[in-house]
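Engineer: Sequence and computational prediction follow.
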Amino acid sequence: MKPASTSLPNSATQPGASLRGPILWGLLIGAIQAVSPFAFYWLEQSTMHAIYISLIATVYIGFAVADGRPRVVAIESAVAAVFVLIAIAGVTGTAWLLVAGYAGHGVKDYLQERRHFVANSRWWPPFCAAIDWLVALILAVEIAAGVNFH
């Protein structure tokens, strides 16, 4: 019999653990997130997406604080700052910066899933990567179709 663990299992590191649930939830939330700026019709779509990118970028700061290692907190804070700057530039610059922000954060999630730099993020990386990449894809299609984000 295995001894009882005092922490929740990290589904991302358990052999054979399915990531289907987090990914499917991420796709659902991503679809909602992609269309949600239309609910805030008085704001530019680029503003809403910049807010979203900034918020999702800072989630890993919370994970890093929970991790407790100062080096991890510093690195995750710096990475979040880069995404915030990309998001800010996407408000008045080309909307492709917003696509780059989402897609780049999806890559960051993928790397987190592979390397587990921040401890105990469990199901978050595949969930968030699914959101990020779906929204990036939808925005890219909208831009190609001529949708104006400003």
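Structural biologist: Sure, I can see it.
Engineer: so where's the chain uncertain?
Structural biologist: By pLDDT under 70, the low-scoring segments of the chain are 1-17.
Engineer: redo that, cut-off 90
Structural biologist: Of all residues in the chain, those with pLDDT under 90 make up the ranges 1-19, 112-123, 147-150.
Engineer: ranges for the helices of it?
Structural biologist: In order along the chain, the chain carries the following helices (DSSP state H): 20-35, 45-67, 70-92, 96-115, 124-144.
Engineer: Mind listing what's buried along the last one?
Structural biologist: In other words, helix 124-144. Residues 124-140, 142-143 are the ones in helix 124-144 that count as buried (16 or more other Cβ atoms under 10 Å). (Glycine included, C-beta is placed from N, CA and C.)
Engineer: CA-only coordinates of it in CSV, if you can.
Structural biologist: This file holds the C-alpha atoms of helix 124-144, laid out as CSV (Å, rounded to 0.1, in the frame of the first residue of the first chain):
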residue,chain,number,x,y,z
TRP,A,124,-3.3,24.5,-15.7
PRO,A,125,-0.7,24.4,-18.5
PRO,A,126,-2.7,22.2,-21.0
PHE,A,127,-5.9,24.0,-20.0
CYS,A,128,-4.4,27.5,-20.6
ALA,A,129,-2.5,26.4,-23.8
ALA,A,130,-5.8,25.2,-25.3
ILE,A,131,-7.4,28.6,-24.6
ASP,A,132,-4.4,30.6,-25.8
TRP,A,133,-3.9,28.7,-29.1
LEU,A,134,-7.6,28.6,-29.9
VAL,A,135,-8.0,32.4,-29.3
ALA,A,136,-4.8,33.0,-31.4
LEU,A,137,-6.2,30.9,-34.2
ILE,A,138,-9.6,32.7,-34.1
LEU,A,139,-8.0,36.1,-34.0
ALA,A,140,-5.7,35.2,-36.9
VAL,A,141,-8.8,34.1,-39.0
GLU,A,142,-10.6,37.3,-38.1
ILE,A,143,-7.6,39.5,-39.1
ALA,A,144,-7.2,37.6,-42.4
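Engineer: Fine, thanks again, bye for now.
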